[in-house]
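Visitor: Okay, here's the prediction I keep looking at, along with the sequence it came from:
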Amino acid sequence: MRIDKYLWCVRYYKTRNMVTEACKKNQITVNGLVAKPSKEVFPTDKITFRKDQITQIITVLDIPESRVGAKLVDIYRRNDTPPEVYQHLELLKLSKEHYRKTGTGRPTKKDRRDIDEFGNAIEDDDEE
């Protein structure tokens, strides 16, 4: 089965076109070699790709006939991505929400002044 169809079938990408674009940007490798969208994958192949700021590593266990349901995905692949990567992503999300909550819009005038004041305080510390 083609790599673009496989990653679409096991629900890593929403469309095959998205997989094709990732292949063209050299973001997908099979067994350490950059893969074109037409690259054939077989059981025991290791696929590495970067998606959502995570470098995913999966091993092909079996080839599905067509796109499978989310509950059946584990039959066809094994996720070998280290758990530290997911912990790092959670920390990244928390750090982004620390200053401003998501969906609160543009910074207010007071927020901008606070940011400028913080930047000036850092510059003053550097001069000393």
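Guide: Cool, the structure landed. Numbering: from 1, shown residues only.
Visitor: The closest residue in space to Gln53 that isn't next to it in sequence sits in which helix or strand?
Guide: With Cβ to Cβ, 6 or more residues apart in numbering as the criterion, Gln53 has its nearest non-adjacent residue at 6.4 Å, and that residue is Leu89. In short, each C-beta sits where N, CA and C put it, glycine included. Per DSSP states H and E, Leu89 falls inside helix 83-99.
Visitor: as a whole number, average confidence for that helix?
Guide: Here helix 83-99 scores 78 as its mean pLDDT.
Visitor: and it, what does it pack onto?
Guide: strand 54-60 (3 or more Cβ pairs under 8 Å, 6 or more residues apart in numbering; DSSP states H and E).
Visitor: Given the strand it packs on, what are its sheet partners and their directions?
Guide: Sheet pairing for strand 54-60, assigned by DSSP bridges, gives strand 46-51 (antiparallel), strand 77-79 (antiparallel).
Visitor: quick one: buried residues of that strand?
Guide: Gln56, Ile57, Ile58, Val60 (16 or more other Cβ atoms under 10 Å).
Visitor: most tightly surrounded among the strands paired with strand 54-60?
Guide: strand 46-51 (a mean of 17; mean count of other Cβ atoms under 10 Å).
Visitor: can you list the residues that contact that one?
Guide: 3, 6-7, 12-13, 22, 27-32, 35, 41, 55-60, 80 (Cβ atoms under 8 Å, 6 or more residues apart in numbering).
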